[in-house]
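Q: I'll drop the sequence and a predicted model, then ask my questions.
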Amino acid sequence: MSDALQHRFIKIEDLVFHVVVAGPEDAPPVILLHGFPDAWFGWKFQIDQLLQAGYRVIIPDQRGYNLSSKPKGYEHYRIETLGQDIVKLADSLNIGKFSLAGHDWGAAVSWYLAEQWPERITHLAIINVPHPSVMISYLKKHPKQIMKSWYIFLFQIPRLAEFLARLGNWHMMLSALPLHLPHDLRAEYREAWSQEGAITGMINWYRAMFRTRRTNNRRDAKIVASTLIIWGRNDRYLSYEMAELSLDHCESAQLVTLEASHWVMLDDPEAVGKLLVEHFQSPQHYG
C-alpha cells in the first residue's frame with residue numbers, strides 16, 4: 001500500500017472526521033465509503049490501483065466509526081445526515097464533482113448521494129447492497145431475506161447488541177469478516193471497534209433505519225450517474241436477485257459478479273480495483 005497516505009482530521013460543524021487522503025490535489029477525485037463493521041482501511045487494497053490510474057483518493061471514517069466523531073443518539077444517524085456528511089466533506093476539500101464507490105452501508109449512502117446530488121456524482125460504484133427501494137420491497141415479499149438480515153433486528157435492542165458485539169474479544173464481529181484476513185488487519189478492526197463510543201455509533205446506523213422517517217424531494221428518482229454494481233455471489237447476507245433488480249433504478253448501469261463473499265474488496269482486491277478504475281475512466285452518462 002502507498003506510503004503517501006495523509007491522515008487528516010477535518011472539522012465539519014461540531015464533528016470531526018478522520019479522513020485518509022492520497023494523490024495530487026488536482027487529480028480527479030474518488031471518494032470511497034466503507035460499511036459495517038468496517039473503517040477506512042477496508043479499502044486499503046484498492047488505493048494503489050486508483051493512485052496509479054491518476055486519481056486522488058479520499059476515504060473517510062464515517063460518523064460513529066473508528067477515529068471520527070460519534071454523536072450520541074440514533075437520531076444523528078439518519079440517511080439524510082450521513083449523506084450530508086459526505087457532501088460537506090467534499091466541500092471542505094474543495095471538491096465539486098467526484099466519482100463515488102461504496103460498500104455495504106457505504107453503498108447505501110452512495111445510492112442516496114447519487115439520488116439527491118446527481119450534479120455532484122460523475123460515476124457511481126456500488127458493492128453488495130441493492131438500491132434502497134429494492135431492499136424495502138424485497139424484504140416485504142421474501143421471508144428468506146428477512147432471515148438473512150436477522151442481525152438488523154438484534155441491533156435494535158439497546159445494550160444487548162453492544163454486549164454481544166464485545167463478547168469473546170469481538171467474536172461476533174470478527175465472524176462477519178472473511179476468514180482469510182491476516183492477523184494484523186484483524187487487530188486493526190479490533191482497535192477500531194474498541195474506540196470509545198464506536199460500537200454504539202456503528203449500530204446506531206441500524207437503529208435510525210427503524211426509528212426515523214426519511215424525508216427528501218427526490219426519493220425513487222432514477223440514478224443518472226454511470227453506475228457499476230459489483231456483487232459477490234457468495235454473499236450470505238443479501239440475495240443476488242436484488243442486485244439484478246437494482247439495475248432498473250439506474251439510467252445507465254452494469255452488473256458484474258465475482259466469486260466472492262459480501263466482502264468483495266477483501267476477497268478479490270485486484271479484480272475490484274481493476275473494475276473501479278475501468279468504470280471511473282468510462283464516459284460519463286448525463287441522462
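A: Sure, I can see it. Model, not experiment: these values are computed from the prediction.
Q: so how far is the one helix or strand D91 maps to from its chain's centroid?
A: Here D91 sits within helix 79-92, counting by DSSP states H and E. Relative to its parent chain, helix 79-92 has a centroid offset of 13 Å by Cα atoms, centre = their mean, to the nearest Å.
Q: Centre of the chain to the next helix or strand after that helix, how far?
A: Using DSSP H and E, the helix or strand that follows helix 79-92 in sequence is strand 98-103. Distance, stretch centre to chain centre, for strand 98-103: 8 Å (Cα atoms, centre = their mean).
Q: where are the low-confidence patches of this protein?
A: 1-3, 213-220, 285-287 (pLDDT under 70).
Q: Give me the residue at the spatial middle of it.
A: Residue closest to the mean C-alpha point of the chain, counted by Cα atoms, centre = their mean, is G106 at 1.5 Å.
Q: That residue and G42, how far apart?
A: From G106 across to G42, the span is 9 Å (Cβ to Cβ, to the nearest Å). In this view, the C-beta of every residue, glycine as well, is placed from N, C-alpha and C.
Q: Equivalent analysis for G96, please.
A: 26 Å.
Q: ok, the two, which is more surrounded?
A: G42 (25 against 10; other Cβ atoms under 10 Å).
Q: hang on, that one in a helix?
A: Yes. Assessed with DSSP: H, G, I helix; E, B strand; the rest coil, G42 lies in a helix.
Q: out of everything not next to it in sequence, what's closest to it?
A: H34 (4.6 Å; Cβ to Cβ, 6 or more residues apart in numbering).
Q: pretty sure that neighbour contacts G106?
A: Yes. H34 lies in contact with G106 (Cβ atoms under 8 Å); the separation is 5.0 Å.
Q: list residues touching both of those two?
A: Here H34 and G106 share the contacting residues Q62, scored by Cβ atoms under 8 Å, 6 or more residues apart in numbering.
Q: Could you report the distance from the residue nearest to G42 to H249?
A: Taking Cβ to Cβ, one finds H34 at 23 Å from H249.
Q: Tell me which of these two has more neighbours.
A: More crowded of H34 and H249, by other Cβ under 10 Å: H34, with 25 against 19.
Q: List every C-alpha atom in the helix ranked longest in the chain, with coordinates, as CSV.
A: Under DSSP state H, the helix in the chain containing the largest number of residues is helix 160-175. The C-alpha atoms that make up helix 160-175 are tabulated as CSV, following Å, rounded to 0.1, in the frame of the first residue of the first chain:
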residue,chain,number,x,y,z
LEU,A,160,-27.7,-6.2,24.4
ALA,A,161,-26.4,-5.7,20.9
GLU,A,162,-23.3,-3.9,22.3
PHE,A,163,-22.7,-6.6,24.9
LEU,A,164,-22.9,-9.4,22.3
ALA,A,165,-20.6,-7.5,19.9
ARG,A,166,-17.9,-7.2,22.5
LEU,A,167,-18.2,-10.8,23.8
GLY,A,168,-15.3,-13.1,23.3
ASN,A,169,-12.9,-10.3,22.2
TRP,A,170,-15.3,-9.3,19.4
HIS,A,171,-16.0,-12.8,18.3
MET,A,172,-19.4,-12.0,16.7
MET,A,173,-18.0,-9.0,14.8
LEU,A,174,-14.9,-10.9,13.5
SER,A,175,-17.2,-13.8,12.4
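Q: picking that back up, what's the helix holding D91 packed up against?
A: Packing contacts for helix 79-92, counted by 3 or more Cβ pairs under 8 Å, 6 or more residues apart in numbering; DSSP states H and E, involve strand 6-12, strand 15-22, strand 29-33, strand 56-60, helix 105-116.
Q: what number of residues lie near the spatially closest residue to E25 that is not a sequence neighbour?
A: Once flanking residues are discounted, E25 sits nearest to R56: 6.6 Å by Cβ to Cβ, 6+ apart. By the criterion of other Cβ under 10 Å, R56 has 20 neighbours.
Q: Kindly report the same for E241.
A: If we define neighbours as other Cβ under 10 Å, then E241 has 13 of them.
Q: So it is in contact with S137, correct?
A: No. With contacts counted by Cβ under 8 Å, E241 stays clear of S137, the gap being 11.5 Å.
Q: Surely R63 and D14 touch.
A: No. Contact criterion Cβ under 8 Å: R63 and D14 do not qualify, at 11.3 Å.
Q: what touches both of those two?
A: Joint contacts of R63 and D14 (Cβ under 8 Å, 6+ apart) are S69.
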